[in-house]
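Asks: No sequence on hand, only this structure:
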């Protein structure tokens, strides 16, 4: 109630429009002083681009800005970029003629492809500006992530970077879990049109959280905070009963800005699976086949309101409230056939299941930033409080013949019922500070504290007979878990510019992570994981447009409650689960050498890397004599990986651009400590190609091809998959109103297959989720719009939770 009154009062006193000053100028070339048409003019503040325009036919530009101190950057293909300090007062400011020096071969800044998904190809990170990606129009955050080079997304929404699923995912620099984005396909809750860019950091520095041995993925949402009144409406439909709609409005009022958005989606998806198991025992060999098919529905509603306030032109505050809720249902039928190898003995069963779920996730965030005249200086604080709740229920019954083993079902009962209730609360605080040291150095320091308390109750019950009037408690399959997680972290990095060609950075991060929870008998289990995590970077720039970088980082993957809890989970009678309280964290040492070349046509980057993971932990399957699987977690001796990656973003003309990327890696996994002869090695690769063609002024076509190569999983292999997406866009009113149509997975080949070959057990596992979908979307933009020029934001906000300056190479 107090927060609502504060917001109401703040809005009530902000009735006058903020005064703005017109800044004009002309950009000319040094060779003949001729006007440069299409030069990009970028205004920045606090190392972030806030508005961009392109010079007109006379080389002139005009920008309206509030009074203050800014950075003004101007760049154009074939010319050396220039940057200068810009002080804006209350009177109109004419900068006169600004001269760009001609450059023969290289560009001073990263080149971004013009149409469609743009990308900033750098050394320490790749920034993919996906707001115009046609393949994701009308889709979700998961569709966006599938379009990002080097990323793969499996059927359950698990995201891998260069084949490594242990990645840390952030949203606007904050851990995604703070927004309730956890669980299978969690990022389907984010509408695609709310995402501006995706940042990928393959070898993060000390400024980032130490978790996530595979790297960092930061999803940057659209803000429009520095523009005049602006917003959009959007709606879409898709085959198979899929709909979405939403709007965003951002309005300034004096030194305040109010932003609000509402997004709704309702999607149905079909799924199917096939599993073959062969059990090999000394006295017998038999097989189990099962085929499953079902449909699930999910509708969600997300509301965001944010208030920006600038005080005395040097203090910036942002208060945002995000409310989200969703629910869904699902039904699935599975046929089991259990037989001996010679088929002399066959039994059958049918499992019929129905489920429903609902959730709510709310969070409130307050951020403060001090604005300095010097871009190197920075200070910020960020606090977030989030709550989440979930409810789900499922009902299952088996129809089986008399000889089908009771051990593989819930016994001789009519139905099995599960009701799950969960809730959590999280508080996160982080602060970051940057300051120059002499003329060539910069010191970054900061810290983060996070605490999360969560509770899960699973209530199991059984209907003894079909005619029974009530369910009876099932204590074997019931469980409850109360857990607390805390992380306290401090970091410091020092960067130094040695010369025009050389600069470097050293960093050190300290983290103390603790986890505690109660077992089913009430006894506590707790773990504390302290650690120091160093990082180092060295960059060499032999000439403009060409850069090399070497980097090292040490990172950690800590086991969570489900991997540690020794209580057996009997919820699935054919596949039991239990944790391993002796599980240790895995430590990864990563070394990477990278290079990037900018040219008139775009940019090309390449990297080679090596990773060593000591004590890698993974799921470990064993089979009981009755055919029941037991899944637990174990530390393997070692995992080693060497790899290479390449990424090219080229623009052949004003109407045709391509992006292509490829990653190849060789992995060795040793588990001799668990089982004699348990070791794996294998080669994997993945690639992606994207073509954007504007064949008419109002018509655009995009085609994207993805391949995810086969690779080892610890006790088996994942098969490779390939798929093709296509999209078309028509501008009804240029830059205002457009319609788009896209067909995902054109040939219906996005199906996932795994093979597991372990002692006494051989398994093939095939799964598919509806992916061949035709979408039709419409969007209307109103008010001012961010420029779609060649420049791009270098990153999002900083933060010890994972801001954009993690590698710190921006001196």
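Replies: Right, received. Where do you want to start? Computed from a predicted structure; not experimentally measured.

Asks: Going along the chain from the helix or strand of the chain with the lowest mean pLDDT, find the next helix or strand for me.
Replies: Within the chain, no helix or strand scores below helix 2-12, which has a mean of 41 by mean pLDDT, DSSP states H and E. Moving toward the C-terminus from helix 2-12, the next helix or strand (DSSP states H and E) is strand 21-29.

Asks: Mean confidence (pLDDT) on the following helix or strand past that next one, please.
Replies: Downstream of strand 21-29, the next assigned helix or strand under DSSP H and E is strand 40-45. For strand 40-45, the mean pLDDT works out to 85.

Asks: What pairs with strand 40-45, parallel or antiparallel?
Replies: Strand 40-45 pairs in its sheet with strand 48-54 (antiparallel), strand 68-75 (antiparallel), by DSSP bridges.

Asks: and among the ones you listed, the most buried is which?
Replies: strand 68-75 (a mean of 20; mean count of other Cβ atoms under 10 Å). For glycine as for every other residue, the C-beta is placed from the backbone atoms N, C-alpha and C.

Asks: between that strand and strand 21-29, how big is the angle?
Replies: 20 degrees (axes from the mean of the first three to the mean of the last three Cα atoms, to 10 degrees).

Asks: Do me a favour and average the pLDDT over strand 68-75.
Replies: 85.

Asks: what's in contact with it?
Replies: Residues outside strand 68-75 that contact it (Cβ atoms under 8 Å, 6 or more residues apart in numbering) are 27, 39-45, 50, 81-88, 95, 98, 100, 107-109, 313, 371, 373, 375, 790-791.

Asks: hang on, the earlier thing: the strands paired with strand 40-45: which one's closest to residue 422?
Replies: Residue 422 lies closest to strand 48-54 among the strands paired with strand 40-45, at 37.4 Å (Cβ to Cβ).

Asks: Locate the residue of the chain with the greatest distance from its centre.
Replies: residue 344 (50.6 Å; Cα atoms, centre = their mean).

Asks: Is it correct that that residue falls within a helix?
Replies: No: under DSSP: H, G, I helix; E, B strand; the rest coil, residue 344 sits outside any helix and is assigned coil.

Asks: how about residue 186, what does it touch?
Replies: Per Cβ under 8 Å, 6+ apart, neighbours of residue 186: 157, 176, 180.

Asks: residues near the second one, how many?
Replies: What it means is residue 176. 20 (other Cβ atoms under 10 Å).

Asks: before we move on, what about the first one?
Replies: Each residue near residue 157 was counted by other Cβ under 10 Å, and the total is 16.

Asks: what's the answer for the last one, then?
Replies: When neighbours are counted by other Cβ under 10 Å, residue 180 registers 25.

Asks: right, and it touches residue 422 too?
Replies: No: the pair residue 180 / residue 422 is not scored as a contact, 11.1 Å apart, by Cβ atoms under 8 Å.

Asks: who touches both of those two?
Replies: Shared contacts of residue 180 and residue 422 (Cβ under 8 Å, 6+ apart): residue 388.

Asks: any weak-confidence spans in the stretch 301-450 of the chain?
Replies: Counting by pLDDT under 70, the stretch 301-450 of the chain contains no low-confidence segment.

Asks: quick one, strands of it?
Replies: Using DSSP state E, counting those that start in this stretch, the strands found in the stretch 301-450 of the chain span residues 315-340, 346-370, 378-400, 415-437, 441-463.

Asks: would you list the contacts of residue 186 in CSV and tack on pLDDT?
Replies: Formatted as CSV, the contacts of residue 186 follow (pLDDT from 0 to 100):
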residue, pLDDT
157, 82
176, 84
180, 71
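
Asks: Now render the residues you listed as CSV, adding distance to residue 366 and secondary structure.
Replies: Shown next, in CSV, are the contacts of residue 186 (distance: Cβ to Cβ, whole Å; DSSP: H, G, I helix; E, B strand; the rest coil):
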residue, distance to residue 366, secondary structure
157, 30, coil
176, 19, helix
180, 18, coil
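
Asks: Nearest to residue 210, out of those: which one, please.
Replies: For the contacts of residue 186, the nearest to residue 210 is residue 176 (16.7 Å; Cβ to Cβ).

Asks: Isn't that closest one up against residue 170?
Replies: Yes: shown here, residue 176 and residue 170 form a contact pair, counting by Cβ under 8 Å, at 6.3 Å.

Asks: shared neighbours, these two?
Replies: In contact with both residue 176 and residue 170: residue 219, using Cβ under 8 Å, 6+ apart.

Asks: picking up where we left off before, out of the strands of the stretch 301-450 of the chain, which is closest to residue 783?
Replies: When those are compared by Cβ to Cβ, strand 315-340 sits nearest residue 783, at 20.0 Å.

Asks: May I see the buried residues of that closest one?
Replies: 316, 318-322, 324-330, 332, 334, 336-338 (16 or more other Cβ atoms under 10 Å).

Asks: Which neighbouring elements make contact with it?
Replies: If you count contacts as 3 or more Cβ pairs under 8 Å, 6 or more residues apart in numbering; DSSP states H and E, strand 315-340 packs onto strand 285-311, strand 346-370.

Asks: got the contact list for stretch 455-468?
Replies: Under Cβ under 8 Å, 6+ apart, the answer for stretch 455-468 is 410-411, 413-424, 471-483, 571.

Asks: please redo it, this time with the cut-off set to 6 Å
Replies: 413-423, 471-474, 477-482 (Cβ atoms under 6 Å, 6 or more residues apart in numbering).

Asks: Now the buried members of the residues you listed.
Replies: 413, 415-420, 422, 471, 474, 477-479, 481.

Asks: Name the member of those residues with the shortest distance to residue 576.
Replies: So of those, ranked by how close each gets to residue 576 (Cβ to Cβ), first place is residue 477, at 10.5 Å.

Asks: From residue 79, how far out is the residue nearest to that closest one when sequence neighbours are not counted?
Replies: In space, residue 477 comes closest to residue 460 once its chain neighbours are excluded; the distance is 3.8 Å by Cβ to Cβ, 6 or more residues apart in numbering. Computed with Cβ to Cβ, to the nearest Å, the distance linking residue 460 and residue 79 is 70 Å.
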